[in-house]
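here's my sequence, what's the structure:
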Amino acid sequence: MALGVRLHDQAARYCRQGKHARARPLCLQALKILEAELGPNHPDVANVVHTLGITYQQQERYAEAESLYLRALRIVESAARAKDVDSLHLDVMDSLAGLHRIQGAYAEAERLYRRALALAEQAFGRRHIQLSPILNNLAVVYKYTGRFSEAASLYRRALAITTKTLGPRHPDVATIYHNLGGLEHARGRFRRGEPFARHSVAIRERALGPRHPEVAADLTALAALLDGQRKYSEAEKLYRRALAVFERVYGPDHYEVAVTLNNLAALYQAQGIGGKPESLYRRALAIKEKVLGPDHPDVGMTLNNLGVYYKAVGRFDEARPCCERAARIFEKALGASHPKVAASLWNYARLLRAEASAVEKRARRIEADLKTTAKPAHTSARMDPRYARFSLAVRPSRIHRWGVFAEQPIPARAQVIEYTGKRVSRSQAKRRSSRKLHFLFAIDKYWRLDGAEGGSGAQFINHSCAPNLITQIRRGRIFYFSLRRIQAGEELLIDYRFAKSAERVPCYCGAANCRGTINQK
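From the prediction side, this is the model:
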């Protein structure tokens, strides 16, 4: 029996250090010994079962964790009342409620926390340290369900108890400061939340060291508050530092990794950095769906963010299902009147308005293009086969006016067509650029080719941020080569790469990595 107790004590120490994989086999050994010595319904057995459940929860095996917590709860509820039994009873209810909270079952979590709080006050009094984690965790539920004032009151009460009992530098004090910062973040009061988050990092880093996962969680919370104040550089460094810790300790598919990836994606999105947000959001979404299930509010949050990103880059067909699904998840999990439901519906409404505006702009652009490509100009919109290595055709394009299309497959890295035209000086080109339609291509700092005169048809090739052609200039001549295999019927596309300093020209290419402008960024 003494061996079983020692094994469990060591397992509990491993859990406090975040080494849950090492704790589990010790729990299993201790459980086997204590069940044989004390029977399956002894409180000491419940204690081991509870710790074993924690090891499963930390590895996101929630069904197994819940089963163990429920077994431990049944044991302690049927045991004779005593201080140590009451303490274990509180710990088990707290863990089970926390598991419900993680899975988005906020009503079930609140009921358990309230039961635990009533038991703690009855057994230990209203100012005992046993109340602090229960108050703190119940406040988290209130924050998630939009009851901010009630949450703040509970956090303050927990902070007063913990500081008085354990001292101002204890890690449990850091937890409450962390959550106070999170509450201010949820309220959109980022500057007010920053001091709480910095205090949390300072306390926990001093107590646990810089590479502990709880320190990484504090860093993520601080970064989110800095992000809200547009302090992007410092926020990115903190997110990256936290991500490295989480991946090292928990592996690449842990919930904490998903949260950090989501926040990092939002940071890049806020700065207008194209390309990066989508891959980070999608990785975060995959982890959350795997860990939490497809209908969890955290899944809805990442879907909502991904939908906003797609809207910003004009990918409306992909934005719409994200926004619709996010609104459904929030309404099902949180109720029809929750603030997150309203926020997701506002995002959806803005998406529909933006989509309608884009359709109207495209209709106007087509009408304008029809005017500028009307006869006699449109009769010149054709290919000169002398300069093309493959069968190509000029046809109306969904991107802009005319486009060039492959009429046969084109292999990768093949010369496709030469860009021809009248050779003009830089000053002549400047005068010609004032025309409604112009097809000027810079050969070097001085010379330009004007495809409007003697053009091969390459001048009709449209811009795309995801081109399938690349330019090569050889001895003053311009050639287009295929970047990859191009299928018959596919439009040929080149990245125009207008200068950053030039007048911004909007892009309508519709590519996944569209910059929103033809200019370089």
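
lowest average confidence, helix or strand, in the chain?
helix 426-432 (a mean of 68; mean pLDDT, DSSP states H and E).

give the next helix or strand downstream of that helix.
Using DSSP states H and E, the helix or strand that follows helix 426-432 in sequence is strand 440-442.

what's the neighbour count on the closest residue to G275 other than its chain neighbours?
Counting by C-beta to C-beta, 6 or more residues apart in numbering, G275 lies nearest to N513, which is 4.8 Å off, once chain neighbours are set aside. C-beta coordinates here come from the backbone N, C-alpha and C atoms, glycine included. For N513, the tally of surrounding residues (other C-beta atoms under 10 Å) stands at 13.

N513 and Y310, how far apart?
12 Å (C-beta to C-beta, to the nearest Å).

okay, helices next: where are they in the stretch 151-300 of the chain?
All helices of the stretch 151-300 of the chain, identified by DSSP state H, counting those that start in this stretch, fall at 171-186, 190-208, 213-228, 232-250, 255-270, 276-292, 297-312.

any idea of the angle the fifth one forms with helix 276-292?
Taking axes from the mean of the first three to the mean of the last three C-alpha atoms, to 10 degrees, one finds that helix 255-270 is oriented at 160 degrees with respect to helix 276-292.

hang on, isn't V45 packed against A30?
No - with contacts counted by C-beta atoms under 8 Å, V45 stays clear of A30, the gap being 9.2 Å.

tally of neighbours for S357?
Neighbours around S357, by other C-beta under 10 Å: 10.

what mean pLDDT does the host helix or strand of it get?
Using DSSP H and E, S357 sits in helix 339-372. Helix 339-372 shows a mean pLDDT of 83.

how does the protein divide into domains?
For the chain, automatic domain parsing gives the domain ranges 1-54+63-78, 377-494.

format those as a markdown table; extra columns: mean neighbour count and distance to R114.
Output for the domains of the chain, formatted as a markdown table (neighbours: other C-beta atoms under 10 Å; distance: least, C-beta to C-beta, whole Å):
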| stretch | mean neighbour count | distance to R114 |
| --- | --- | --- |
| domain 1-54+63-78 | 19 | 15 |
| domain 377-494 | 16 | 54 |
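
out of these, which comes closest to L219?
domain 1-54+63-78 (15.2 Å; C-beta to C-beta).

how long is that closest one end to end?
This stretch, domain 1-54+63-78, spans 22 Å end to end (C-alpha to C-alpha, to the nearest Å).

going by mean pLDDT, which of the domains of the chain comes out lowest?
domain 377-494 has the lowest average pLDDT among the domains of the chain, namely a mean of 84.

what's the spacing between that domain and its chain's center?
Remark: domain 377-494 is offset 39 Å from the chain centroid, using C-alpha atoms, centre = their mean, to the nearest Å.

stretch 495-509 too?
For stretch 495-509, the distance to the chain centre is 28 Å (C-alpha atoms, centre = their mean).

end-to-end on that stretch?
Using C-alpha to C-alpha, one end of stretch 495-509 lies 10 Å from the other.

could you list the buried residues of that stretch?
Under the neighbour-count criterion of 16 or more other C-beta atoms under 10 Å, stretch 495-509 has 495-496, 498, 507-509 buried.

from these, which has minimum pLDDT?
Per-residue pLDDT puts Y508 lowest of the buried residues of stretch 495-509, at 80.

ok, and the closest non-adjacent residue to that one?
Closest to Y508 by C-beta to C-beta, 6+ apart is I399, at 5.5 Å.

now the one residue sitting closest to the centre of the chain: how far from T302?
The centroid of the chain falls nearest to N262 when counting by C-alpha atoms, centre = their mean (2.0 Å). Plainly put, N262 is 5 Å away from T302 if you go by C-beta to C-beta.

so what sits against both of those two?
Residues touching both N262 and T302 by C-beta atoms under 8 Å, 6 or more residues apart in numbering: 281, 284.

checking I417 next. Helix, strand or coil?
On the three-state scheme (DSSP: H, G, I helix; E, B strand; the rest coil), I417 is labelled strand.

my guess is it contacts A393. True?
No - at 11.9 Å, I417 does not count as touching A393 under the criterion of C-beta under 8 Å.

find residues that contact each of these two.
Joint contacts of I417 and A393 (C-beta under 8 Å, 6+ apart) are V404.

quick one: R192 and E184 touch, right?
Yes - contact status for R192 versus E184: in contact at 4.8 Å, counting by C-beta under 8 Å.

between the two, point out the one with more neighbours.
Set side by side, R192 and E184 show more neighbours around E184, with 22 against 15, by other C-beta under 10 Å.

how much space between the more buried one and L222?
Counting by C-beta to C-beta, the gap from E184 to L222 is 12 Å.

contacts only, for the residue nearest to R484 when sequence neighbours are not counted.
For R484, ignoring the flanking residues on the chain, the nearest one in space by C-beta to C-beta, 6+ apart is A412 at 4.9 Å. Shown in contact with A412 (C-beta under 8 Å, 6+ apart): 482-485.

can you lay out these as a markdown table showing secondary structure?
Shown next, in a markdown table, are the contacts of A412 (three-state DSSP):
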| residue | secondary structure |
| --- | --- |
| S482 | strand |
| L483 | coil |
| R484 | coil |
| R485 | coil |
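
nearest to D295 among these?
Using C-beta to C-beta, R484 comes nearest to D295 of the contacts of A412, at 39.2 Å.

can you tell me which residues contact the closest residue to Y310 other than its chain neighbours?
Using C-beta to C-beta, 6+ apart and skipping the chain neighbours, the partner closest in space to Y310 is A319 (3.5 Å). When contacts are counted by C-beta under 8 Å, 6+ apart, A319 touches 307-311, 351.

would you reformat the residues you listed as a markdown table and include distance to G188 and neighbour count?
Below are the contacts of A319 laid out as a markdown table (distance: C-beta to C-beta, whole Å; neighbours: other C-beta atoms under 10 Å):
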| residue | distance to G188 | neighbour count |
| --- | --- | --- |
| G307 | 20 | 27 |
| V308 | 16 | 21 |
| Y309 | 20 | 22 |
| Y310 | 24 | 23 |
| K311 | 21 | 24 |
| L351 | 21 | 21 |
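
hmm, back to that, mind giving me the packing neighbours of the helix holding S357?
Judged by 3 or more C-beta pairs under 8 Å, 6 or more residues apart in numbering; DSSP states H and E, the packing partners of helix 339-372 are helix 297-312, helix 316-334.

okay, the angle between that helix and helix 297-312?
Here the directions of helix 339-372 and helix 297-312 differ by 20 degrees (the same axes, to 10 degrees).
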